[in-house]
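Chemist: Quick one: sequence and predicted model below, then my questions.
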Amino acid sequence: MSNRQPITDSLWFWFALFSGFGLAALLATGGKFGKRQAGVERRFQARQYVQSSGKVDDLILETRQGQSQSKDEPKDGGEETSKGPALPKYSTPKETLLRLGPLAGIVGAVCAGSLVLLVRERLLLKSVDRSEQTASDGVAP
């Protein structure tokens with residue numbers, strides 16, 4: 001006869017479960033996040049460029065054609081030119097400013113840590129149950 005509590009009574013089970021689902025969802029939507037995040041970052045970079053230089057025409061041409069129309073502006077962005085600030089280097093789905101790697105690492109560490117603590121808790125409860133059972137078997141009523 002065992003007095004073991006169900007696994008769902010453990011807080012570590014729920015931490016492991018929810019962080020595991022969160023990690024799975026994060027990995028499943030990674031590609032879609034990259035595309036969306038790149039679009040958000042490109043709009044932000046465009047706003048910054050327009051605010052700093054006031055040049056909307058160069059920005060529109062750069063965005064539509066994927067390269068600078070002016071010969072003295074660099075194609076990859078980031079350098080000052082004689083006409084003012086350079087066009088920014090735009091984010092791509094593979095190269096965004098905000099990445100999912102650190103978030104996936106943190107959620108994965110929470111999941112792994114929760115699983116380790118859950119197993120430790122279950123083994124500790126198992127050993128306590130055994131010691132109580134042997135103690136009760138040794139005592140005569």
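Modeler: In hand now; what should we look at?
Chemist: tell me what the lengthiest helix in the chain is packed against?
Modeler: For the chain, the longest helix by residue count, based on DSSP state H, is helix 101-138. Judged by 3 or more C-beta pairs under 8 Å, 6 or more residues apart in numbering; DSSP states H and E, helix 101-138 is in contact with helix 11-28. Yep, even glycine has a C-beta here, placed from its N, CA and C like the rest.
Chemist: Buried ones in the helix or strand that comes right after the helix it packs on, by neighbour count?
Modeler: Downstream of helix 11-28, the first helix or strand assigned by DSSP states H and E is helix 30-53. Buried residues in helix 30-53, defined by neighbour count with 16 or more other C-beta atoms under 10 Å: 33-34, 37-38, 41-42, 45-46, 49.
Chemist: can you give me how far stretch 25-35 is from the chain middle?
Modeler: How far stretch 25-35 lies from its chain's middle: 9 Å, per C-alpha atoms, centre = their mean, to the nearest Å.
Chemist: oh sorry, the question was meant for stretch 106-114
Modeler: So, by C-alpha atoms, centre = their mean, the centroid of stretch 106-114 is 12 Å from its chain's centroid.
Chemist: Could you do stretch 111-127 as well?
Modeler: 25 Å.
Chemist: what is the mean pLDDT for that stretch?
Modeler: Stretch 111-127 carries an average pLDDT of 91.
Chemist: Could you list the low-confidence segments of the protein?
Modeler: 1-3, 55-88, 137-141 (pLDDT under 70).
Chemist: do you know how far the spatially most central residue of it is from residue 20?
Modeler: Note on the chain: the residue nearest the mean C-alpha position is residue 103, at 2.8 Å, using C-alpha atoms, centre = their mean. Distance, residue 103 to residue 20, by C-beta to C-beta, to the nearest Å: 15 Å.
Chemist: again, but for residue 90
Modeler: 35 Å.
Chemist: distance of the residue nearest to the centre of the chain from residue 53?
Modeler: In terms of C-beta to C-beta, residue 103 sits 33 Å off from residue 53.
Chemist: so what's the residue nearest to the centre of the chain closest to, chain neighbours aside?
Modeler: Distances taken as C-beta to C-beta, 6 or more residues apart in numbering place residue 26 nearest to residue 103, at 6.6 Å, with adjacent residues excluded.
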